[in-house]
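Asker: let me see the structure of the following:
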Amino acid sequence: MLLVLSACSSPPKLMSPQPELPDNWTSAEGSDTEPVSEELRGWLVQLNDPRLQELATEALAANPGLQAARYNVSRSREAVDISRADRLPSLALNLGSTRREDSDRVDSLDFSISLDLDLWGRLSARQRQARLDLAAAEAGLRQQEQSLVVKLGTQWFALQEAQLLLDLYRQRRDNLAQNVEVIASGYRQGLNEALDLYLARNNLHAENARVEQQTQQLAEIRRELELLLGRYPSARLIAEAALPWLETDIPAGLPADVLTRRPDLQQQWLELLSADAALAAAHRDRFPSLGLTSTGLGGSSDALSDLLSLGNLSWSIGARLTQTLFDAGRKASLQDQALARRQELEQRWLEAVYAALAEVENALSLRQSLLERHAQYLEAQRNAVHAENLAFEQYQKGLTSYTTVLEAQRRSFDAQTSVLGLRRQLLQNRIELYRALGGTFQTDLPTTEPEQEPAGQ
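Answerer: Coordinates of the predicted model:
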């Protein structure tokens, strides 16, 4: 009769959504489609920057956000122990003493054991949910470690670019100062016009302002890096390297490989499985619960010394069967709530998968564009530098106007800054491609695989 009153139907099965994946990346047609686990292992070393490796080790040990994620894993591990304890017998020792107005003091002592018989698997579903939450927390920790190193590498190369730009601005300022002296000397001799001197001085003052602005930007990047390292933001971190050039490409592999390599997708899949286990537990909460209780050493006595006498000792054992007859639909609503949560995570997982694939496609197509633009600007830089030198020589000989010199200087400056920016963007793109493909900065890939089977209903 209790089973009939429970009126519990089976909860919906886990859909295990499978996204439609192409055989190859559309942005890398004709590229290598073999698995690339070896190429993606230890990508931090492949960047050829030992100083960056040292900083990554420091950040992994001292970053406060990462430490918080490790405590979250510890908390999830304790939740697994709690769920395991719920399936074991609980023991309690009760010692009491009461005094009534019309009697002497009465002491009591009993030792009780209780056990919840998990007939329907409710407690096992809760334990499975706790294990999946722990696995999701561990995947989340790996994701935060990966994100930290990616952000560190990106900022590190941005710092190198900022320092190189500052050096370029200072060199340009010194050259402009020399130009001002040459033009001023010619003006005093009546060879140059006053307009040329004013324009040259204007360029020099503008370049001084650019140097100050770049110095401030450099300090801000240093502080951002120091925060990632868990240091006080004193803006004293200095990059000694100068934007390494990586000539080799990494194979993109198969789109399906991304689903098993990326820790963020693993985390969301494990959270989906955890929600499925929570739904199973909410469903089984609607069934009757069966438990056993046993009491020993029970009894009471007017004197504490007589409490443990053989004649006062007793024991009992019993069973209980409990079924809720009316709760105004509370348990049914809890099950529906758990179902909605699982359905929500199913769609969010699909959304995350397609977003991850889009990140790879964008990184692949961007790299081809950056390589082509870098080659073009590198050639433009060579021509612009020669044109700048030639324009000033011809100006000194009276063969061209100073506006031609200014235009040549502007083009040379734009070409040089563009080459530096593209070098930094290529390194940033390489790091982003490693991250999007699910590579690991460590020398070994994770050996644990996420659970793929849905919880039993």
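Asker: what's the neighbour count on S112?
Answerer: Close neighbours of S112, defined as other CB atoms under 10 Å, add up to 16. Placement of C-beta: from N, CA and C, glycine included.
Asker: what's the answer for L370, then?
Answerer: Residues near L370, counting by other CB under 10 Å: 19.
Asker: how far away is it from T404?
Answerer: Look at L370 and T404: by CB to CB, to the nearest Å, they are 32 Å apart.
Asker: secondary structure element holding the one residue sitting closest to the centre of the chain?
Answerer: In the chain, the C-alpha nearest the mean C-alpha coordinate belongs to Q144, at 3.4 Å (CA atoms, centre = their mean). Assigning secondary structure by DSSP states H and E places Q144 in helix 122-188.
Asker: model confidence over the helix or strand following that helix, on average?
Answerer: The helix or strand immediately downstream of helix 122-188 is helix 194-228, counting by DSSP H and E. Model confidence over helix 194-228 averages 94 on the pLDDT scale.
Asker: begin at 57 from now on, thanks
Answerer: Right, with 57 as the first residue, what we last looked at is helix 250-284.
Asker: show me what stretch 424-435 is in contact with.
Answerer: Contacts to stretch 424-435, defined as CB atoms under 8 Å, 6 or more residues apart in numbering, come from residues 83, 471, 474-475, 478-479, 481-482, 485.
Asker: okay if I get those as JSON lines plus pLDDT and secondary structure?
Answerer: Formatted as JSON lines, these follow (pLDDT from 0 to 100; DSSP: H, G, I helix; E, B strand; the rest coil):
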{"residue": "S83", "pLDDT": "73", "secondary structure": "helix"}
{"residue": "A471", "pLDDT": "92", "secondary structure": "helix"}
{"residue": "S474", "pLDDT": "93", "secondary structure": "helix"}
{"residue": "V475", "pLDDT": "93", "secondary structure": "helix"}
{"residue": "L478", "pLDDT": "94", "secondary structure": "helix"}
{"residue": "R479", "pLDDT": "93", "secondary structure": "helix"}
{"residue": "Q481", "pLDDT": "95", "secondary structure": "helix"}
{"residue": "L482", "pLDDT": "94", "secondary structure": "helix"}
{"residue": "N485", "pLDDT": "93", "secondary structure": "helix"}
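Asker: how about the contacts made by the residue nearest to the centre of the chain?
Answerer: Q200 touches 121-122, 125, counting by CB under 8 Å, 6+ apart.
Asker: P145 too?
Answerer: Contact partners of P145, counting by CB under 8 Å, 6+ apart, are 169-171.
Asker: if we can go back for a sec, what distance do you get for the residue nearest to the centre of the chain to K207?
Answerer: Taken as CB to CB, the span from Q200 to K207 is 10 Å.
Asker: buried sites along stretch 195-205?
Answerer: Judged by neighbour count using 16 or more other CB atoms under 10 Å, the buried positions of stretch 195-205 are 195-202, 204-205.
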